[in-house]
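Peer 1: let's see this in three dimensions:
(one chain, ligands or ions: 2)
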Amino acid sequence: MTEVLVTGGAGYIGSHMCVELLQAGYDVVVADNLSNSSARSLQAVQRITQKPLSFVEMDIRDEERLAALFRSHRFDAVLHFAGLKAVAESVAEPLRYYDNNVNGTLRLVEAMSSAGVKTLVFSSSATVYGTQERVPIDESAGTAPTNPYGRTKLQVEQLLHDLGDADAQWRISLLRYFNPVGAHPSGEIGEDPNDIPNNLMPYIAQVAIGRLPCLRVFGDDYATADGTGVRDYIHVVDLVNGHLRALDYLQANTGVAVHNLGSGRGHSVLEVIAAFERASGRPIAHEVVARRPGDVARSFADPGKANRELNWTATHDLERICQDAWKWQTRHPDGYRTA
Ligand code: NAD
Ligand code: UD1
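Peer 2: Ligands and ions are numbered 1, 2, ... in the order given. Reported below is the predicted structural model:
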């Protein structure tokens, strides 16, 4: 049996990863400090799969506990989701972001290196591309993140490239996510923002359920078909399946590989609102306000490299994304606080 470590496995994407890993027959150990998640997600993972996983509540910057974890298991690979991800917070608290995201990864790869575990899948982000004029965006596009969060992701990518260059035994997959959304079709795990959501889809879901009064649409004067921002929304189950394909790829390939994980399709804010209205059967109150600073008109992936090299493609469309997000929202109107 193949055993893997999932850092940040109690979080939004990590918990969906655990479901797919368990269902694919992996043994799973989660390390998470629960700074932005609830252990209830992992109980739900085990209910969905009817399989056990191991959970260690710890910070990945804790070198002693990390070393002990690698001594007590023989991991074949690590999937590294642990990190902080809120753009505005990263502007206000850059040191916390660099410490958590960059130092956290450094401590992790040091422990992996000492233990001789040299296969890693890292959660990077399309945010590393910064503002791109040309879409779709492929992996050869330049990188110029526009905020501290994005710069921590790029620094980790660079650190891992240097590591792969220095030691040919490493097998590293850098996956650049576009906009992960939706929830597991069971409705038992999903995105559970601590506060008022920053991102479009969880905000719409909370307007639909009545927790928030009105969505603010950030600008309708962009050079897009209806004037609102266009993004590449990818179902979280498609996204984590891309990681399973990446693990297969790393079995056959050493070195460092970079892949976009996106659907390749762009949808405007108004299209997302309309799709969510159809999925929920409820009107989504919204008003157009000024553009949000830092936003670009259009961002969507060229997923061709992942299609070819990982044999992966996104299969869930926007309708399905909204249906699954709505199911999670209605079953858990207060997230994991709903018993
Ligand atoms: P999340 O906050 O739900 O999950 C991250 C998990 O990591 C949380 O459970 C948190 O408690 C844990 N964590 C954070 N710092 C830790 C530390 N030092 N030690 C141990 N655990 C720690 O976020 P998510 O949406 O599931 O994102 C997962 C990863 O994907 C992150 O690295 C994020 O930057 C990246 N990513 C997310 C998105 C997105 O839109 N959600 C887009 C691109 C990339
Ligand atoms: C944002 C982050 C990005 C991060 C990603 C994680 C910024 C500038 N970018 O991307 O770094 O990797 O989240 O998923 O914060 N919108 C509204 N009203 C809202 C919220 C959003 O109109 O209340 C619009 C935005 O202007 C954008 C689209 O919806 O056009 C998607 O926004 P969002 O979900 O926040 O994702 P990104 O901005 O693409």
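Peer 1: leaving out the residues flanking it, which one is nearest to the residue in the chain that ligand 1 sits nearest to?
Peer 2: With CB to the nearest ligand atom as the measure, the residue in the chain that lies nearest ligand 1 is residue 11; the distance is 2.0 Å. For the C-beta atoms, the positions are set from N, CA and C on the backbone; glycine is no exception. The shortest distance from residue 11 to any non-neighbouring residue, by CB to CB, 6 or more residues apart in numbering, is to residue 37 (4.6 Å).
Peer 1: who are the contact partners of that neighbour?
Peer 2: Each residue near residue 37 by CB atoms under 8 Å, 6 or more residues apart in numbering is listed here: 8, 10-12, 14-15, 192.
Peer 1: neighbour-wise, give me the winner out of these.
Peer 2: Each of these was scored for neighbours by other CB atoms under 10 Å, and residue 15 scores highest at 33 neighbours.
Peer 1: just checking, that residue touches residue 8?
Peer 2: No. Distance between residue 15 and residue 8: 9.3 Å, which falls outside the contact criterion (CB atoms under 8 Å).
Peer 1: so for the residue nearest to residue 11, what's the pLDDT?
Peer 2: What the model reports as pLDDT for residue 37 is 97.
Peer 1: same deal with residue 197?
Peer 2: For residue 197, the model assigns a pLDDT of 95.
Peer 1: what's the local residue count around the residue of the stretch 151-300 of the chain found nearest ligand 2?
Peer 2: Each residue of the stretch 151-300 of the chain has a distance to ligand 2, by CB to the nearest ligand atom, and the smallest belongs to residue 229, at 2.3 Å. Other residues within reach of residue 229 by the criterion other CB under 10 Å amount to 24.
Peer 1: now it: how far from residue 250?
Peer 2: 34 Å (CB to CB, to the nearest Å).
Peer 1: please enumerate the strands of the protein.
Peer 2: Shown for the chain, the strands assigned by DSSP state E span residues 3-7, 27-32, 54-57, 77-80, 119-125, 171-177, 179-181, 215-218, 230-231, 233-235, 255-261, 267-268, 286-289, 298-299.
Peer 1: mean neighbour count added to those, as TSV?
Peer 2: Shown next, in TSV, are those (neighbours: other CB atoms under 10 Å):
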stretch	mean neighbour count
strand 3-7	24
strand 27-32	24
strand 54-57	16
strand 77-80	26
strand 119-125	24
strand 171-177	23
strand 179-181	24
strand 215-218	18
strand 230-231	24
strand 233-235	27
strand 255-261	22
strand 267-268	22
strand 286-289	13
strand 298-299	21
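Peer 1: nearest to residue 278, of those?
Peer 2: Comparison of the strands of the chain against residue 278 by CB to CB identifies strand 267-268 as nearest, at 13.2 Å.
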